[in-house]
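Enquirer: quick one: sequence and predicted model below, then my questions.
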Amino acid sequence: MSGCDGGGTFTCRNKDNAIRLKIGAIVAILTASALGVALPLLGRNFKYLRTDGNYFFVAKAFAAGVILATGFVHMLPDAQKSLGSPCLPEHPWHKFPWFGFVAMMAALVTLLIDFVGTEFYERKHGVALHVGDQHSARIASDRFDNDSEDRRSDGEKVDGDGMHIVGMRAHAASHGHSHAEGHHGDIMSHDHMHHGHSHFNEGNGKEFSVRHIVISQVLELGIVAHSVIIGISLGVSNSPCNIRPLFAALCFHQFFEGFALGGCISQAGFKATSAAIMACFFAFTTPCGIALGMGIASSYNENSQSALIVEGLFDSVSAGILVYMSLVDLIAADFLSKRMKCDRQLQVFSYFALFTGAAAMSSLAIWA
């Protein structure tokens, strides 16, 4: 296994040409990343780039397909290749499919972080609103019970109003507010109803924002984890034949990952400073990884046991996070929404964009 000590042969090795390509890659990837993440953040005032518009919805579906393909087609096979390398000892690396197990555990841990993070932010930002609404609903329910008892004691007919009261009670519980009842069992004025519904929508919007706070942070964690490894892999390579396809693939991949991340950051409603920090952190991660790889290229052996294990584990974790985030928080959240169900044209364009994004990113595996 002469290749395991870094003494393998290279058919396409040109250090000077490789350095020029890597410098160009840093600039191009930084530009693509910054542009992708900035478009949703800066486009809030433009009709076609607003995060509540159909154009953004379709573009986000394309980006979700790119992220899904990155996890399944790029990260997982790379993890299998690294952790299944003949340069690693037979035990334990060849006795168990570690790449799949680590990816699965990463997805489950991401689910746990998603749940705990959402609970934390809901308690921090929205618990007072929800407690107040639930209290109002209970008061309304008690009023219904008392009024029913009063009518029974007065000998009034209550059978006809039974289903009406049950319906109102369920309505109040589901919407988190109450409708007071008039003298003859009628609901009060439409203004009160409108006020109650707007109060609910305000709370629902807060929950929506909380979910995107968690989604944007977890998604950035998964993207950053594999961006560092990809950057180092490109930075340590002295083969222009390997760098060129990676160069093109990374520009495409970073742009659309950035677009999806930028959309989540925008929907989360972060302050301008926080949004800018998250965007810059994403944009600079891969270029910094390339620079780090260039710095350690002379001493780095990509076939050493430690390098293979670290790279394989990072790729597995990244695959698990990206697959979970793309399927659950990007695809399912949007494609199972009422908005999608009520708009047939949006369904067609979104599904087409999703499959196109996944196919386009998958096809890049032919070269990189």
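Expert: Now that the structure is in, tell me what you want to look at.
Enquirer: need the nearest residue in space to C288, chain neighbours excluded.
Expert: Excluding its sequence neighbours, the residue lying closest to C288 (C-beta to C-beta, 6 or more residues apart in numbering) is G231, at 6.7 Å. (Glycine included, C-beta is placed from N, CA and C.)
Enquirer: confidence score at the one you found?
Expert: For G231, the model assigns a pLDDT of 90.
Enquirer: please apply the same query to the one 5 residues further on.
Expert: With respect to pLDDT, V236 has a value of 89.
Enquirer: from L292, how far off is it?
Expert: 9 Å (C-beta to C-beta, to the nearest Å).
Enquirer: more crowded one of those two?
Expert: Ranked by neighbour count (other C-beta atoms under 10 Å), V236 and L292 place V236 first, with 22 against 16.
Enquirer: host element of the residue lying closest to M105 once chain neighbours are set aside?
Expert: Nearest residue to M105, sequence neighbours excluded (C-beta to C-beta, 6+ apart): G320, at 6.9 Å. Assigned by DSSP states H and E, G320 falls within helix 305-324.
Enquirer: for that helix, buried residues please.
Expert: Neighbour-count burial for helix 305-324, counted by 16 or more other C-beta atoms under 10 Å, picks out 307-309, 311-324.
Enquirer: list the helices and strands that helix packs on?
Expert: When contacts are defined as 3 or more C-beta pairs under 8 Å, 6 or more residues apart in numbering; DSSP states H and E, helix 305-324 sits against helix 54-69, helix 76-83, helix 98-125, helix 190-236.
Enquirer: and of the ones you listed, who's closest to H91?
Expert: Judged by C-beta to C-beta, the one of these that comes nearest to H91 is helix 98-125, at 11.9 Å.
Enquirer: the closest one vs helix 305-324, what angle?
Expert: Here the directions of helix 98-125 and helix 305-324 differ by 50 degrees (axes from the mean of the first three to the mean of the last three C-alpha atoms, to 10 degrees).
Enquirer: before we move on, the earlier item: contacting residues for the residue nearest to C288?
Expert: Listed by C-beta atoms under 8 Å, 6 or more residues apart in numbering, the contact partners of G231 are T285, T286, P287, C288, G289, I290, A291, L292, G293.
Enquirer: swap in M278?
Expert: By C-beta under 8 Å, 6+ apart, M278 lies in contact with S216, Q217, E220, L261, I265, F270.
Enquirer: in a markdown table, list those residues along with neighbour count, distance to S299 and pLDDT.
Expert: Formatted as a markdown table, the contacts of M278 follow (neighbours: other C-beta atoms under 10 Å; distance: C-beta to C-beta, whole Å; pLDDT from 0 to 100):
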| residue | neighbour count | distance to S299 | pLDDT |
| --- | --- | --- | --- |
| S216 | 23 | 37 | 90 |
| Q217 | 19 | 34 | 89 |
| E220 | 22 | 30 | 90 |
| L261 | 30 | 33 | 92 |
| I265 | 27 | 37 | 91 |
| F270 | 21 | 40 | 87 |
